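A.B. asks: for reference, the sequence and a predicted model appear below.
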Amino acid sequence: MFTYDWIVLFITFLGTMFLIGELLVNMRGIFAIIGFGFITVYFSRFLETEMFIVMMLVYFLGILLMIIDGKLINDGTLATIGAVTMIIAVGFSAPNWVAGLYSVIGVILGGAASLLFLKVFKRRKMWSKMALNDQLSTEMGYNSMNEKYQFLLDREGEAATDMRPVGTIKIDGEEYSAVSNGQWVEKGDSIRIVSVDGTKILVKKV
């Protein structure tokens, strides 16, 4: 048994940080080995062989649920259940409530600290649907509304309907919804587009 109960905080912190870190970044199993070592030390110091195996399985069941969530489901539900399972495993394995509290805090802080690895190492493709990692760019096949209507800026046309102040304009035979800049524009009046902001096309009477 450890001399001081607070030591388990650092053991569970490091173990959890490296194990979850392995799920987040591609470290070719190095983080997994380090994390497994710390967690093995924690459980082996407090439990007999039979309970040691049981609690290790419970703890790694939590890790497995996180992997399934990150790879297949991507909604965070199983990952949350997995985190709770890990907390239960370390909490119930402690010899007293003080050590149990320290171990639970260690797991929580370790999971949070593992996110720092994302800033340094190459991330895995986990929870990609939740993270929305793809950049919505023209190269990826996306166009913002600003880009779509930007070519209309400074173009001239005519009002296809009365604008009071919202109405329809016609530019080169194409109709667009637009708004006047406070002016009362009659159908057939000449207009010029002075601003494009998203889907809002602002025109003024020429």
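C.D. replies: Ah, there it is.
A.B. asks: give the rounded mean pLDDT of the helix or strand hosting Val104.
C.D. replies: Secondary-structure assignment from DSSP states H and E places Val104 in helix 97-113. On average, the pLDDT along helix 97-113 is 93.
A.B. asks: ranges for the helices of this structure?
C.D. replies: 7-24, 30-46, 49-68, 77-93, 97-113, 128-131, 145-149 (DSSP state H).
A.B. asks: tell me what the fourth one is packed against?
C.D. replies: Using 3 or more C-beta pairs under 8 Å, 6 or more residues apart in numbering; DSSP states H and E as the contact criterion, the secondary-structure elements in contact with helix 77-93 are helix 30-46, helix 49-68, helix 97-113. Yep, even glycine has a C-beta here, placed from its N, CA and C like the rest.
A.B. asks: so which of those helices gets nearest Met86?
C.D. replies: Of all the helices and strands packed on helix 77-93, helix 49-68 sits nearest to Met86, with 3.7 Å by C-beta to C-beta.
A.B. asks: starting at the chain centroid, how far to that closest one?
C.D. replies: With C-alpha atoms, centre = their mean, to the nearest Å as the basis, helix 49-68 stands 26 Å off its chain's centre.
A.B. asks: show me what counts as buried in that helix.
C.D. replies: Phe52, Met55, Met56, Val58, Tyr59, Phe60, Gly62, Ile63, Leu65, Met66 (16 or more other C-beta atoms under 10 Å).
A.B. asks: so the last one sits against Leu23, correct?
C.D. replies: Yes. Shown here, Met66 and Leu23 form a contact pair, counting by C-beta atoms under 8 Å, at 6.0 Å.
A.B. asks: need the helices of the chain in CSV (columns: distance to Val203).
C.D. replies: Compiled in CSV, the helices of the chain are given as follows (distance: least, C-beta to C-beta, whole Å):
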stretch, distance to Val203
helix 7-24, 50
helix 30-46, 58
helix 49-68, 54
helix 77-93, 49
helix 97-113, 52
helix 128-131, 40
helix 145-149, 12
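A.B. asks: just these: most buried one?
C.D. replies: Mean neighbours per residue, mean count of other C-beta atoms under 10 Å, is largest over the helices of the chain for helix 7-24, with a mean of 24.
A.B. asks: who touches that one?
C.D. replies: Helix 7-24 is touched from outside by 2, 27, 29-32, 34-39, 41-42, 63, 66-67, 70, 86, 90, 94, 99, 102-107, 109-111, 113-115, 117-118, 123-124, 126, with contacts defined as C-beta atoms under 8 Å, 6 or more residues apart in numbering.
A.B. asks: with stretch 174-188 instead?
C.D. replies: Identification of contacts with stretch 174-188 by C-beta under 8 Å, 6+ apart yields 149, 152, 158-170, 191, 193-194, 199-205.
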